[in-house]
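>>> Following is a predicted model, sequence given first.
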Amino acid sequence: MKLNCTCANWRLITILSAALFVACADAPKPIASNEPASSTSGSSQSTAGQSSSGIAVGHGSGSAPTSTGATVPMQSGSGSGLKWTPPSTWENKGASGMRAATYIAPPAKGDTEGAECAVFDGGIGGGVQANIDRWIGQFEQADGSSSASKAKQSKETINGMTVTMVDLTGVFAGGGMAMGQPSTKKPGYRLLGAIVEAPGGEVFFKMTGPAQTMSAAQADFQKMLKSISK
């Protein structure tokens, strides 16, 4: 009788052990603490700061997005309390020396070089008319006549400021290498100049280049002058 009871107990223990082993085998495995729960956060961070095309989009007031999402410097200038917006098609060379800015207009068809527009922010004495006369004196006429008699001068008020302008075509003799001007004479050149009497002093816009290129750039030059503001 005692032997039968013992066998029955062993049989019960065997059955319970088998059931416990199956239950443990089917139980879900816990996730390790160093295993990432999701890769979603990583992918969202990798796309931050990009456009839909994958090109980085800049931020801040110093840049502007293009149609492709890339960024380019804002086209603007300032001097003596004066601000202006140059044409977007002109190359901006920035400031250097006495120049507050230098712009290069592309050459017109048939010309081999573009036109240069230099902006001088103060530091040039003599007054408005003396500087207009100096610019005129940098030109010669092929027939030997006076450049002063060929120069067209005018005055205009733009946004409350007096602007004196000059327009002259001839042989450009330049102002010497110290002023960044060509050392050789250039026939068929044209000058478009403007001196703005800004609140902080006079600002000088001097554009020179081949006559054909200057004709093509004249409207842009006038538009830039119209954009000046205090």
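Great, that's in hand.
>>> In this protein, what helix or strand scores lowest on average pLDDT?
Across the helices and strands of the chain, mean confidence by mean pLDDT, DSSP states H and E is lowest for strand 71-73: a mean of 31.
>>> bridging residues for Ser229?
Lys83 (DSSP bridges).
>>> brain fart, Pro210
Beta-bridge pairing of Pro210 under DSSP bridges involves Tyr189.
>>> okay, now it: neighbour count?
The local packing of Pro210 (other C-beta atoms under 10 Å) involves 22 other residues. C-beta coordinates here come from the backbone N, C-alpha and C atoms, glycine included.
>>> Tell me if I'm right that it and Pro106 touch.
No - Pro210 is beyond contact range of Pro106, at 11.4 Å (criterion: C-beta atoms under 8 Å).
>>> Which residue, other than its chain neighbours, is closest to Trp135?
Excluding the flanking residues, the one nearest Trp135 by C-beta to C-beta, 6 or more residues apart in numbering is Gly193, at 5.2 Å.
>>> Report the buried residues of the one helix or strand that neighbour maps to.
Taking DSSP states H and E as the criterion, the element that holds Gly193 is strand 186-198. By neighbour count with 16 or more other C-beta atoms under 10 Å, strand 186-198 contains the buried residues 186, 189-196, 198.
>>> And for stretch 121-131?
For stretch 121-131, a neighbour-count test (16+ other C-beta under 10 Å) marks 121, 124, 128, 131 as buried.
>>> same deal with stretch 139-146?
Buried residues in stretch 139-146, defined by neighbour count with 16+ other C-beta under 10 Å: 139-140.
>>> which residues are in contact with that stretch?
With C-beta atoms under 8 Å, 6 or more residues apart in numbering as the contact definition, stretch 139-146 has outside contacts at 147, 150, 168-173, 185, 187, 189, 191.
>>> Could you rerun that using 7 Å?
Contact partners of stretch 139-146, identified using C-beta atoms under 7 Å, 6 or more residues apart in numbering, comprise 147, 150, 168, 170-173, 187, 191.
>>> Buried only: go through the residues you listed for me.
147, 168, 170, 172-173, 191.
>>> sorry, back to before: which residues does the residue nearest to Trp135 contact?
132, 135, 165-166, 205-206.
>>> Please apply the same query to Val163.
Neighbours of Val163 in contact, by C-beta under 7 Å, 6+ apart: 156, 194, 196, 225.
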